[in-house]
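Colleague: For reference, the sequence and a predicted model appear below.
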Amino acid sequence: MATAIQATIRSLPDTEYHSLKSLSRSQFKDFVTDPALYHGRYVTGIFPPVAKDCFALGHAFEQVALHSIAGHSDAANHREIIAIPDDALTSNGHRRGKAWEAFKAEHEAAGSILLLPKIIGDISRMKAGAWDNEQVVALFWGAEYIKPTIEWIEDEHGLALRSQPDLFSEAWAADIKSTVAATPEGFAKQVFSCGYHIQEAWIRRAAAALGQPLQSFAFIASLKVPPFTTEVYQLAPEWLEIADATIDRHLAYFAERKRTDRWHRKGHGSVQVIAPPQYARYAADWEFDDGE
């Protein structure tokens with residue numbers, strides 16, 4: 001794993017954080033998916049990121065949870081929750097168009113959290129579920145920083161990187177996730193499919209760059225369906241071994257792509273032979289006997 005030669009930590013509004021030139025974990029995730037996707041989104045801007053409504057509940061809960069902490073510790077940071085009226089939405093309920101932009105500009109300037117009416121009730125239930133877990137409360141109140149911006153330069157490739165953990169302290173960090181997985185096994189699948197282990201390893205590198213390696217990292221997993229409970233999970237060390245190997249491999253690949261300014265994935269322009277995946281090799285074992 002590469003070491004860091006320079007690191008800073010500060011508080012920035014989300015708009016400023018997303019305008020930074022350093023590489024974030026979400027941008028890195030897009031690069032791993034396809035270098036051309038990263039280049040189109042963050043270099044040329046021809047594929048701007050589009051917010052997905054399926055993530056609206058989780059993002060809204062994160063905002064409410066984090067700002068409820070800030071609101072208790074500093075009244076100036078409290079943000080009002082406002083229901084978005086029907087006339088600010090499109091006919092099919094999406095947040096687009098002039099009416100939405102006008103409503104958004106008016107209320108976000110005051111720092112309000114804008115939510116669809118149908119999810120405000122679920123947000124309240126998720127918040128209650130979070131505060132009902134003593135481990136969650138301890139993490140909420142023990143955090144030294146809420147969504148700090150950490151930037152550093154790793155010395156192997158000279159790449160500028162950044163991270164924005166939800167909760168951060170000298171010896172630990174935590175991130176809030178919404179989920180439909182009610183069991184540790186179910187959440188483990190979400191960890192792999194969404195790359196949460198990569199995210200933890202990325203944040204651990206940010207902390208190490210500051211000279212304060214993390215002793216622990218936790219995911220606060222809030223159920224966004226009934227019964228809206230919240231659990232705290234920690235990943236086994238094997239997850240980080242996988243994540244660090246992935247990060248090292250693709251950071252080297254990213255540095256190469258940046259140096260050559262070639263953003264197609266490996267194999268582009270050639271005929272590529274694909275082997276059957278493991279699940280396909282055993283597909284016959286799962287076929288039903290039709291009785292003949």
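Modeller: Yep, it's here. Residues are numbered from 1 along each chain as shown.
Colleague: pretty sure Arg10 is touching Lys147, no?
Modeller: No: counting by Cβ atoms under 8 Å, Arg10 does not reach Lys147; the two are 11.1 Å apart. Quick note: C-beta positions are derived from backbone N, CA and C, even for glycine.
Colleague: For the chain, give me the ranges with low pLDDT.
Modeller: Regions of the chain meeting the criterion pLDDT under 70 cover residues 1-5, 51-56, 70-79, 110-111, 283-292.
Colleague: Helices of that one, residue ranges please.
Modeller: 14-18, 25-33, 35-42, 56-73, 97-108, 117-131, 134-142, 184-194, 196-209, 237-260, 278-281 (DSSP state H).
Colleague: Compare those helices and give me the one nearest Ser178.
Modeller: Closest to Ser178 of those is helix 56-73 (Cβ to Cβ; 3.3 Å).
Colleague: quick one, that closest one and helix 117-131 angle?
Modeller: Inter-element angle recorded for helix 56-73 and helix 117-131: 50 degrees (by axes from the mean of the first three to the mean of the last three Cα atoms, to 10 degrees).
Colleague: pull the CA atoms of helix 56-73 into CSV?
Modeller: The C-alpha trace of helix 56-73 is given here as CSV (Å, rounded to 0.1, in the frame of the first residue of the first chain):
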residue,chain,number,x,y,z
ALA,A,56,-33.3,9.3,-2.4
LEU,A,57,-34.4,7.8,0.9
GLY,A,58,-30.9,6.7,1.9
HIS,A,59,-29.4,10.1,1.0
ALA,A,60,-32.1,11.9,2.8
PHE,A,61,-31.7,9.8,6.0
GLU,A,62,-28.0,10.4,6.0
GLN,A,63,-28.6,14.2,5.8
VAL,A,64,-31.2,14.1,8.6
ALA,A,65,-29.1,11.8,10.8
LEU,A,66,-25.9,13.9,10.5
HIS,A,67,-27.6,17.2,10.8
SER,A,68,-29.6,16.0,13.9
ILE,A,69,-26.2,15.5,15.5
ALA,A,70,-24.9,18.9,14.4
GLY,A,71,-28.3,20.5,15.4
HIS,A,72,-27.9,19.1,19.0
SER,A,73,-24.4,20.4,19.3
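Colleague: one step back: so which of Arg10 and Lys147 has more stuff around it?
Modeller: Lys147 (20 against 11; other Cβ atoms under 10 Å).
Colleague: Spit out the contact partners of the residue nearest to the more buried one when sequence neighbours are not counted.
Modeller: Distances taken as Cβ to Cβ, 6 or more residues apart in numbering put Gln164 closest to Lys147, at 5.5 Å, once the chain neighbours are dropped. The contact partners of Gln164, by Cβ atoms under 8 Å, 6 or more residues apart in numbering, come to Tyr17, Ser24, Lys147, Pro148, Thr149, Ile150.
Colleague: Please report which of the residues you listed has the highest neighbour count.
Modeller: In those, the most neighbours by other Cβ under 10 Å go to Ile150, 24 neighbours.
Colleague: Find the residue closest to that one in space, skipping its chain neighbours.
Modeller: Leaving aside its chain neighbours, Ile150 sits nearest to Ala206 (4.1 Å; criterion: Cβ to Cβ, 6+ apart).
Colleague: Would you check how far apart the one you found and Glu151 are?
Modeller: Between Ala206 and Glu151 the computed distance is 8 Å (Cβ to Cβ, to the nearest Å).
Colleague: Please enumerate the shared neighbours of these two.
Modeller: By Cβ under 8 Å, 6+ apart, the residues touching both Ala206 and Glu151 are Ala7, Leu161, Arg162.
Colleague: does Leu139 really touch Asp166, like I thought?
Modeller: No: at 9.5 Å, Leu139 does not count as touching Asp166 under the criterion of Cβ under 8 Å.
Colleague: intersection of neighbour lists for those two?
Modeller: Ala174, Ile220.
Colleague: circling back to that earlier point, can you redo the helices of the chain as JSON lines with distance to Thr229?
Modeller: Converted to JSON lines, those look like this (distance: least, Cβ to Cβ, whole Å):
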{"stretch": "helix 14-18", "distance to Thr229": "28"}
{"stretch": "helix 25-33", "distance to Thr229": "27"}
{"stretch": "helix 35-42", "distance to Thr229": "35"}
{"stretch": "helix 56-73", "distance to Thr229": "13"}
{"stretch": "helix 97-108", "distance to Thr229": "31"}
{"stretch": "helix 117-131", "distance to Thr229": "5"}
{"stretch": "helix 134-142", "distance to Thr229": "10"}
{"stretch": "helix 184-194", "distance to Thr229": "12"}
{"stretch": "helix 196-209", "distance to Thr229": "19"}
{"stretch": "helix 237-260", "distance to Thr229": "23"}
{"stretch": "helix 278-281", "distance to Thr229": "32"}
